[in-house]
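Engineer: Below are the sequence and a predicted model for it; my questions follow.
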Amino acid sequence: MERIGKFCTNCGSALSEGAKFCGQCGAPTQPHEARAAEAEPTRQPRGEDAQVTPSQTGRPPREDPSMAAVSGAASQTRKDSAPVAPREAATQPPSDDTSETVEAAGTQPRVRDAAVAPGKSLGGYKRFLRIDPSGGFLAVVTPLFIWIAAAGILAWAVLGLISLRFDLSFLNLEDLFFTMLIIIGIMLSVVANAYLALSYRDRAGALWQALSFLPVLWAAFLCVGLSIMIWQVWTDFAGGPNELRRAMFSLVGVGICGMYGGYLSLVVIGPARIYQAVRRVVYVLIALVAVEILDALWWGARDVPGIEMWEHFLRAGLTAVSCAIVYAIIAFFMAQARSKGSQTSMLVAYVILGVFGFTIAVGALWDTFPPGAIRFVHGAIVIVIVATIGLLVVQHFEKKKVAGNPPAGSAPSPRDPRQATVS
């Protein structure tokens, strides 16, 4: 007969002697067993499905891969949504699949691809005083213009001090003004040809390396010719022999033609052969203009006085400037075309307007100049300017084609953080 030893503290049922659990509710009979049941409510089966607790092995628990992915995504979202200090945001590298976190190590985040050019490492105003060919046109021209302006201010200050010490009333203010303009022209020629030389040297190929020395020659021609012109201005183009004045205009004319051809070579017109043919034709016309300038100065039948040479050069410059202004306005409105068909139509219309303008120029030159090299130079200038502006319009269309927007519905690049979306 079973002996009754005690009662269950949970349900009040009678318990047999030595029982550890109540037969009615299953509650343990001893307090320490209750605490053990609360700490370990379920007993894991032994075998393949058995799991060992971290307290039994002394090793950290192994996290389930699917749960690790979910928790990692949640922690990354919290990290991305957290505000970043301005100083840290300026140096924080863009996050991608290969980025490494160094904040846990107590170090500053590294900026990848932080290779800085020598010219870019300068701080403050110094970056505006050093030429950086890798920075584009402005990085080359801006420092040169700053140095030119500084030299001009210094020269003007020196001239002012001299005028305070000595009587300079004998100076002709008009000649002084033209002298300053010629000095500015010398500096501009150096700037323009320096940019040409640096542009050629940036290009690959032995041909461009050889052509990089030609702008130095054009700059030398212009500087020598304009320097002689300063003396001629003060002597009313009568100082020295006539051959000196011929050499002066020859150097200036050939230097301008060579520099113009150099800038024409930088125009990007794409792979179309017809535009390549147009550029070669313009090269030939520029060379003919240079030859005809020498013809008008040296091989003419009569002796041309210095003041008449000056007037002819001024009129040739006015022809180029007026033609460039008219056709630049026409090209500006034509460059607004967007579709390929409308761009082709605009180019055809530009050619028709160019032929029409050249016809008007020929009629005007017949009534202005006698047959000869001077009249030919003016007519060739008109063709060169019209063709050059047309090639610049082609370059504008080519750049718009390269930088065009992607078609609608195209998938964004997963590596582009600006186009990435979070699902």
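Structural biologist: Looks like it came in fine. Residues are numbered from 1 along each chain as shown.
Engineer: for this structure, what are the low-confidence residue spans?
Structural biologist: The chain contains residues with pLDDT under 70 at 1-5, 30-127, 132-137, 300-304, 402-423.
Engineer: Other residues contacting stretch 325-334?
Structural biologist: With C-beta atoms under 8 Å, 6 or more residues apart in numbering as the contact definition, stretch 325-334 has outside contacts at 346-347, 349-350, 353-354, 357, 385-386, 389-390, 392-393. Placement of C-beta: from N, CA and C, glycine included.
Engineer: closest to Ala194 among the residues you listed?
Structural biologist: For the contacts of stretch 325-334, the closest approach to Ala194 (C-beta to C-beta) belongs to Leu392, at 21.8 Å.
Engineer: Confirm that closest one sits in a helix?
Structural biologist: Yes. Leu392 forms part of a helix when assessed by DSSP: H, G, I helix; E, B strand; the rest coil.
Engineer: quick revisit: which of the contacts of stretch 325-334 fall within helices?
Structural biologist: Using DSSP state H, the members of these that fall in helices are 346-347, 349-350, 353-354, 357, 385-386, 389-390, 392-393.
Engineer: picking that back up, wait, which of the contacts of stretch 325-334 is closest to Arg280?
Structural biologist: Sorting the contacts of stretch 325-334 by how near they are to Arg280, with C-beta to C-beta, puts Gly390 at the top with 14.2 Å.
Engineer: okay, now that closest one: neighbour count?
Structural biologist: By the criterion of other C-beta atoms under 10 Å, Gly390 has 23 neighbours.
Engineer: give me every residue that touches it.
Structural biologist: Residues in contact with Gly390, defined by C-beta under 8 Å, 6+ apart, are Val278, Ala331, Leu347, Tyr350, Val351, Gly354.
Engineer: for Arg279, same thing?
Structural biologist: Arg279 makes contact with Leu264, Ser265, Val267, Ile269, Leu391, according to C-beta under 8 Å, 6+ apart.
Engineer: ditto for Met259
Structural biologist: Listed by C-beta under 8 Å, 6+ apart, the contact partners of Met259 are Ser189, Ala192, Asn193, Leu196, Pro215, Trp218, Ala219, Leu222.
Engineer: Next one: Asp236 relative to Arg245, how far apart?
Structural biologist: For Asp236, the distance to Arg245 equals 11 Å [C-beta to C-beta, to the nearest Å].
Engineer: go on, Ile329?
Structural biologist: Using C-beta to C-beta, one obtains 36 Å as the distance from Ile329 to Arg245.
Engineer: Ok, Pro370 next?
Structural biologist: Summarising the geometry, the distance separating Pro370 from Arg245, computed by C-beta to C-beta, is 21 Å.
Engineer: what about those two, which has more around it?
Structural biologist: With other C-beta under 10 Å as the criterion, Pro370 and Arg245 differ in neighbour count, and Arg245 comes out ahead with 23 against 7.
Engineer: Quick check: the farthest pair among the contacts of Gly390?
Structural biologist: Comparing all pairs in the contacts of Gly390 by C-beta to C-beta, the longest separation belongs to Val278 and Ala331, at 14.5 Å.
Engineer: Helices of the protein, start to end?
Structural biologist: Under the criterion DSSP H, the chain contains helices at 31-39, 54-57, 65-81, 86-91, 137-165, 173-202, 206-211, 214-234, 242-264, 273-298, 306-334, 340-368, 373-402.
Engineer: I'd like those written out as a markdown table, with distance to Ala14 added.
Structural biologist: Converted to a markdown table, the helices of the chain look like this (distance: least, C-beta to C-beta, whole Å):
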| stretch | distance to Ala14 |
| --- | --- |
| helix 31-39 | 19 |
| helix 54-57 | 37 |
| helix 65-81 | 47 |
| helix 86-91 | 71 |
| helix 137-165 | 99 |
| helix 173-202 | 102 |
| helix 206-211 | 108 |
| helix 214-234 | 114 |
| helix 242-264 | 112 |
| helix 273-298 | 109 |
| helix 306-334 | 108 |
| helix 340-368 | 100 |
| helix 373-402 | 95 |
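Engineer: Now do Met309: how many residues are near it, please.
Structural biologist: The tally of other residues near Met309 (other C-beta under 10 Å) stands at 19.
Engineer: So it is in contact with Arg315, correct?
Structural biologist: No. With contact taken as C-beta atoms under 8 Å, Met309 and Arg315 are classed as non-touching, separated by 10.9 Å.
Engineer: sorry, back to before: between the contacts of Met259, which sits nearest Glu17?
Structural biologist: Using C-beta to C-beta, Leu196 is the member of these that sits closest to Glu17, with 111.9 Å.
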